[in-house]
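Colleague: coords please:
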Amino acid sequence: MHKGGPLDQPVLDDRDQFPTEIMIFSHLGKAKILWQSFFNYLHEEHPDFSEEWRYYNDGKRWLMKVTRKSKTMLWLSIIPGAFRTTFYFTDKAAQAIDCSSISEELKDQFRSGKSFGKIRGLTITFRDGSDIENAKSLLTIKLAIR
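Modeller: Have a look, this model is predicted:
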């Protein structure tokens, strides 16, 4: 797992420059294919999801929030050569996460993750097709947990 370094450098950090597809793809490089595959899945399987880019002062960068009605499904950020999604779950999701098909690395990340109040985050950095499958599984859990 990556700790620190150039991958953590802010991208999309100009408050005055709204993220465009051209700009996003310029940062993603080869991960553009994963981006397109992930968003094709979202748009086909979850047409009721909404996507919104916002600039956040605390992180000094643009983040995308994906929602279904008033429920936040995931947060998305761009890093050099990749993108990340973060899902937040309460402890109610622990059993579903343990029994899911997501990677053991992600299960461990949830078990040992830092709590923010009553929630813990699970972050996927998209590197290959298995990351899309992990994200699909987490979306299924997110939709099932009330």
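
Colleague: What are the neighbouring residues in contact with Lys114?
Modeller: The contact partners of Lys114, taken as CB atoms under 8 Å, 6 or more residues apart in numbering, are Arg120, Gly121. Where you see a C-beta, it was placed from the backbone N, CA and C, and this is true even at glycine.

Colleague: And it, how far from Asp131?
Modeller: Distance of Lys114 to Asp131, given as CB to CB, to the nearest Å: 21 Å.

Colleague: Lys114 versus the closest residue to Gly81 other than its chain neighbours, what's the distance?
Modeller: The shortest distance from Gly81 to any non-neighbouring residue, by CB to CB, 6 or more residues apart in numbering, is to Gly29 (4.8 Å). Per CB to CB, Gly29 is found 30 Å from Lys114.

Colleague: about what we covered before: the residue nearest to Gly81 should be in a strand, yeah?
Modeller: No - counting by DSSP: H, G, I helix; E, B strand; the rest coil, Gly29 is not part of a strand but helix.

Colleague: So the residue of the chain most remote from its centre, which state does it fall into?
Modeller: Relative to the mean C-alpha coordinate of the chain, counting by CA atoms, centre = their mean, the farthest residue is Asp16 (23.1 Å). Asp16 falls in the coil class when you classify it by three-state DSSP.
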